[in-house]
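A.B. asks: Starting from these lines, generate the structure:
(one chain, ligands or ions: 1)
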Amino acid sequence: MDAKALWQRYQNWLYFHEGLGLYLDVSRMSFDDTLVESLRPKFDKAFADMAELEKGAIANPDEGRMVGHYWLRNPDLAPTPELTQEIVQTLEQIEAFAEKVHTGAIHPPQASRFTDIISIGIGGSALGPQFVAEALAPDFPALTIHFIDNSDPAGIDRILTHLGDNLVSTLVLVISKSGGTPEPRNGMIEVKAAYAKQNLDFAKQAVAITSVGSNLDQVAQTEGWLARFPMYDWVGGRTSEMSAVGLVPAVLQGIDVRAMLQGGKEMDDATRVPELENNPAALLALSWYFSGNGKGEKDMVVLPYKDSLLLFSRYLQQLVMESLGKEKDLNGKTVYQGIAVYGNKGSTDQHAYVQQLREGVPNFFVTFIEVLEDRQGKSIEVQPGVTSGDFLSGFLLGTRQALYENQRDSITVTIPQVNPLTVGALIALYERAVGLYASLVNINAYHQPGVEAGKKAAADILDLQSKVIAVLQKEKTALSLEQIAQKAGAAQQIEAIYQILRHLHANQRGVNLKGDLGNPASLKISAG
Ligand SMILES: O=P(O)(O)OC[C@H]1O[C@](O)(CO)[C@@H](O)[C@@H]1O
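C.D. replies: Residues are numbered from 1 along each chain as shown. So this is what the prediction gives:
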């Protein structure tokens, strides 16, 4: 396409939201009018599906749930007055709690103020709070946040070691919608033990964010934790940033969550418009559909050119891949849907994998996130007439151009600044784009059966471990792997048994391995 035609295409497709100062440019996605026209009926259906969802339809049929994250930023849209009230009240309670923490009216038993937060949660109960903390926490936040988002003992130790004596003034948030996910449960038990070791009263420094009546909720209630905030059945983990899951840690750090909710609301209003060209979420969904042929054939590389947005790609990875990565469509047909998402930040990644994007396998499209404001205040010149920010901008525009010249498609989202309003808007933009895309390809974006299967498999491994330990403890003599597998009644799982034993041995858990470690069949294994 010549320069004039391209400039015209740019202007034809440019979307601008005045209130948010947000631009969306899909002109470098090389779809043509024929595709757009052919997709219009699908979009009409997607808009209708979304309208039903927002009215409270059971949009997650497998789990029999409503999907209501849009109500969080506009409670008046909730399908019943009770839900509206619940949303409004929860926000007020969160703000009142944070206010008391900030003034010291609520303080730990052995210190006058809380100084730090340990946030324990995983997946949707961690990624939103992590992204928002990285993007929006003030340089010197009211409370400094630390995350435990795994069952990694060394990772937990690192956080606890960094905190050291500050545990006395550290507030613990345990965030788990189900209240039964093993990783946050383990994190909670480990942190509790660390508090006990320092003679600290964990309950007086702990807050639970979970579904009412969950295991976690019951523990928090029985032990008299400092506070409990509800997670709603109708908000999925990966869309929970604007529920108590994201709001509690954000308010405690001093982030303006009302502005974040407002940004989400304004974007929701814009993405509710049932016109493809005037709806930025629909434009994203169109671009994704085109790029991957409606089958996710191309990966989404997310490149924010701003350090504070580093975790946006990680956040989107869960939002997009857990929502769209599905084996079956809504009719039960096997479809293997999904879009792979990765990325960190520009221009840093230009010195990592952009070489492959420019010249290698063309199995992706890029989403550039551009931030117009370089920094607060003026910049110095790093060479005559040029600032560091000019370089960053030049790298973005140059990479976009270089990719285009090599027939690599890209989308550019431009925001004026990274602030609570624009971050709220970005979250809402992608939530809606995922919902619309899911309708286009006819899948349930709101369940995660594959993850449940993985959780069950992990539980089976731990059962097997107990059986193997029981066998070893009963035996007086050393056994081969084959003998252990037989005695545990798990002959088919000899490889898993070997791996379990190797792990126990490495951690001095009462398992001796003798023989050639490189030759599992030679091993003689005993307890001790
Ligand atoms: O908040 P919970 O219930 O601990 O779940 C954590 C995460 O686990 C998943 O259920 C599966 O990964 C996510 O959808 C969810 O965000």
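A.B. asks: what sits against the closest residue to Ser30 other than its chain neighbours?
C.D. replies: Nearest residue to Ser30 in three dimensions, chain neighbours excluded: Asp409, at 5.7 Å (Cβ to Cβ, 6 or more residues apart in numbering). Every C-beta, even on glycine, is put in place using the N, C-alpha and C of the backbone. Contact partners of Asp409, counting by Cβ atoms under 8 Å, 6 or more residues apart in numbering, are Arg28, Met29, Ser30, Ser287, Ser291, Phe365, Val366, Leu403.
A.B. asks: which ones among those residues are found in helices?
C.D. replies: Ser287, Ser291, Leu403 (DSSP state H).
A.B. asks: which parts of this structure sit against the ligand?
C.D. replies: Residues of the chain lying close to the ligand by Cβ under 6 Å from any ligand atom are 122-125, 176-178, 181, 184, 237-238, 322, 448, 451.
A.B. asks: just these now: which is nearest Leu372?
C.D. replies: Of all the residues of the chain next to the ligand, the one with the least separation from Leu372 (Cβ to Cβ) is Arg238, at 28.5 Å.
A.B. asks: list the contacts for the closest one?
C.D. replies: Applying Cβ under 8 Å, 6+ apart, we find Arg238 in contact with Gly123, Gly124, Leu127, Gln318, Leu319, Glu322, Ser323.
A.B. asks: likewise Leu429?
C.D. replies: Leu22, Met267, Thr271, Pro280, Ala281, Leu284, Val413.
A.B. asks: just Tyr315 next, same as before
C.D. replies: Leu127, Gly128, Gln130, Phe131, Ile427.
A.B. asks: can you rerun that using 6 Å?
C.D. replies: Applying Cβ atoms under 6 Å, 6 or more residues apart in numbering to Tyr315 gives the contacts Leu127, Phe131.
A.B. asks: coming back round to it: farthest pair within the contacts of Leu429?
C.D. replies: Longest span within the contacts of Leu429, Cβ to Cβ: Thr271 and Val413, 13.1 Å.
A.B. asks: Could you check which of the two is surrounded by more residues?
C.D. replies: Thr271 (28 against 24; other Cβ atoms under 10 Å).
A.B. asks: In this structure the more buried one contacts Ala433, no?
C.D. replies: No: between Thr271 and Ala433 there is no contact under Cβ atoms under 6 Å: 7.8 Å.
A.B. asks: what residues are shared contacts of these two?
C.D. replies: Ala281.
A.B. asks: residue contacts, Ser439?
C.D. replies: Contacts of Ser439 (Cβ under 6 Å, 6+ apart): Ala46, Asp49.
A.B. asks: Check which element follows the helix or strand where it lies along the chain.
C.D. replies: Assigned by DSSP states H and E, Ser439 falls within helix 420-440. Sequence-wise, the next helix or strand downstream of helix 420-440 (DSSP H and E) is helix 449-474.
A.B. asks: Name the residues of that next one that come out as buried.
C.D. replies: Leu464, Gln465, Lys467, Val468, Ile469, Val471, Leu472 (16 or more other Cβ atoms under 10 Å).
A.B. asks: Which single residue of the stretch 401-528 of the chain ends up nearest the ligand?
C.D. replies: Residue of the stretch 401-528 of the chain nearest the ligand, by Cβ to the nearest ligand atom: Val451 (3.9 Å).
A.B. asks: how close does that residue sit to Ala527?
C.D. replies: Applying Cβ to Cβ, to the nearest Å, the value for Val451 to Ala527 is 35 Å.
A.B. asks: Pro449 too?
C.D. replies: Pro449 is 39 Å from Ala527, by Cβ to Cβ.
A.B. asks: Equivalent analysis for Lys456, please.
C.D. replies: 28 Å.
A.B. asks: Burial check on Gly389, number of neighbours?
C.D. replies: With other Cβ under 10 Å as criterion, Gly389 counts 16.
A.B. asks: cool, and Glu327?
C.D. replies: The number of residues near Glu327, taken as other Cβ under 10 Å, comes to 13.
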